[in-house]
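Engineer: predicted structure and sequence below. I'll ask about it afterward.
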Amino acid sequence: MLKALIFEDEKTTRNVLKRILHKENVEAYEFEEAPKDLNVISQYKPDFIFLDIGLKGSNGLELLKKISTLEDHPYVVIISGHSEYKYLIEAMKHGAYDYITKPFDIERIKQVINEIKECLKAKVVSEVPSQEIVGKSPAMREIFKLVGRAAVSNDPVIISGESGTGKEVIANLIHKHSNRADKSFIALNMASIPIGLIESELFGYEKGAFTGADKSKEGKFLQANGGTIFLDEIGEMPLEAQAKLLRVLQEMEITPIGSKKSYKIDVRVIAATNKDLIKLVAEGKFREDLFYRLSVIEIKLPPLRERKEDIPELVELFTKQALERYNLKSGGFTQESIKFLVNYSWPGNVRELKNLVFKLIAMYRERPITPDLLPANIKGEEEQTGDWRSGFLTEVRKLLTRKRKNIYIKLIEEAEYILIKETLKFTEGNISLASKYLGLHRNTISKKIKDLEIDIYEE
């Protein structure tokens, strides 16, 4: 049986909360004053706490801060007569599950209790990997093989793939496994540098080389000397700069702008692009000789939609990183939520997934990320021009206009087919679990599968 503590100085409010909790099958203990220390919480080990901010001789927010430092701290729901936004902000900042103002709505209290029950039942992914990149899919295993081969070579590498697939991560991985690992890894995004500044960024310049050059500047190639330079979005480099880069690759020396002195360098070059460089070569936008010089070793990264089996492990990795960033002790995605993440197409690839994980952890802190907290588009619920009723009404009118017969049976069977098939797909064919979601007996579902000829294994 779940357990809750109530810290509230108003007897009426305590009685109402206690009555609601008992009806929701939660064991409740009430206190008129705030505890002097956290021993009472350690003693009762509650699953959640209802806490009034304005307790006699105490500050509920200060107590909330202390509770949030506990290793396995309970969920805390703030009950307050203060409706000013500053209290709400401070409460959420320090880890409150929710903030409810008085006089409160009993149905809202029930809703919060049931939400917390679901959170407590949810299994949160907790065993997270420590490495910086993960991937056990066949596609990523092939990538790691190429990384290993590239690591023992000093030849240029070109990494291609859609935006967000992790090209810089792979470049960094090559560097870390190479004999240059103890030297610099310098990354430069060519698309973010104004055309007129590319050469000065790459090769540096001497004082007085041009207007505004009031002191000498060391270029990225010299900064990376002995190590690796990563040139992202290489397809954005103008032709004039391409010619100078080709010379650097051929001669392994650079001349800063305005200087008469050249510097011998030892730099491993890794380039990346989300464009088709062969097409750019054909269009005269990229030098063919530079392309062949860069592409001694080629690595093509697959989009995330082609390696969906890696998504759960990526979620774990990013969850760990997010918890560390926000200094949280627990939190993460439930297995039910991860199913939705696996089924999503991820047009923004790994970057989009990482951004979502960080955003949701930042927003919901240590609360388990259950499916109801996921964005609508992740769950396939994109906002449409009309709701499902509008579409259903249109279909009914269309069938009536065409004077079709038996439309009641036809539409009901189609709706049942979709509803049962999608639920079974979500439960991976588990009829018992599907019966809970649908509110139907498993024997009824089995009969429907047979009558409607539903193939539960068909995609």
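Structural biologist: Right, received. Where do you want to start? Residues are numbered from 1 along each chain as shown.
Engineer: wait, residue 195 touches residue 242, no?
Structural biologist: No - in this structure, residue 195 is not within contact of residue 242 by CB atoms under 8 Å, at 11.8 Å. C-beta coordinates here come from the backbone N, C-alpha and C atoms, glycine included.
Engineer: higher neighbour count, those two?
Structural biologist: Set residue 195 next to residue 242 and count neighbours by other CB atoms under 10 Å: residue 242 wins out with 19 against 12.
Engineer: host element of the more buried one?
Structural biologist: Using DSSP states H and E, residue 242 maps to helix 239-251.
Engineer: chain center to stretch 310-328, what's the gap?
Structural biologist: Taking the mean of its C-alpha atoms, stretch 310-328 sits 8 Å from the chain's own mean (CA atoms, centre = their mean, to the nearest Å).
Engineer: buried ones in it?
Structural biologist: Applying a neighbour-count criterion of 16 or more other CB atoms under 10 Å, one finds 310-323, 328 buried in stretch 310-328.
Engineer: closest to residue 343 among these?
Structural biologist: For those, the closest approach to residue 343 (CB to CB) belongs to residue 311, at 9.3 Å.
Engineer: isn't that closest one up against residue 338?
Structural biologist: Yes - taking contacts as CB under 8 Å, residue 311 lies within contact range of residue 338: 7.2 Å.
Engineer: out of the buried residues of stretch 310-328, which two sit at the greatest distance?
Structural biologist: Pairwise distances across the buried residues of stretch 310-328 (CB to CB) peak at 24.1 Å, for the pair 310 and 328.
Engineer: leaving out chain neighbours, which residue sits closest to residue 370?
Structural biologist: residue 334 (5.3 Å; CB to CB, 6 or more residues apart in numbering).
Engineer: residue 4: which element?
Structural biologist: Here residue 4 sits within strand 2-7, counting by DSSP H and E.
Engineer: can you name the residues bridging to the residue nearest to residue 370?
Structural biologist: Per DSSP bridges, the residues bridged to residue 334 are residue 124.
Engineer: and for it, the neighbour number?
Structural biologist: Neighbours around residue 334, by other CB under 10 Å: 19.
Engineer: state the distance from the spatially most central residue of the chain to residue 363.
Structural biologist: Residue closest to the average C-alpha location in the chain (CA atoms, centre = their mean): residue 357, at 2.5 Å. As judged by CB to CB, to the nearest Å, residue 357 and residue 363 stand 11 Å apart.
Engineer: please apply the same query to residue 138.
Structural biologist: For residue 138, the distance to residue 363 equals 35 Å [CB to CB].
Engineer: now do residue 304
Structural biologist: Residue 304 is 22 Å from residue 363, by CB to CB.
Engineer: what do you get for residue 353?
Structural biologist: Counting by CB to CB, the gap from residue 353 to residue 363 is 16 Å.
Engineer: of the two, who's got more company?
Structural biologist: residue 353 (21 against 11).
Engineer: helices of the stretch 1-150 of the chain, start to end?
Structural biologist: 11-23, 39-44, 60-67, 85-93, 106-121, 138-151 (DSSP state H, counting those that start in this stretch).
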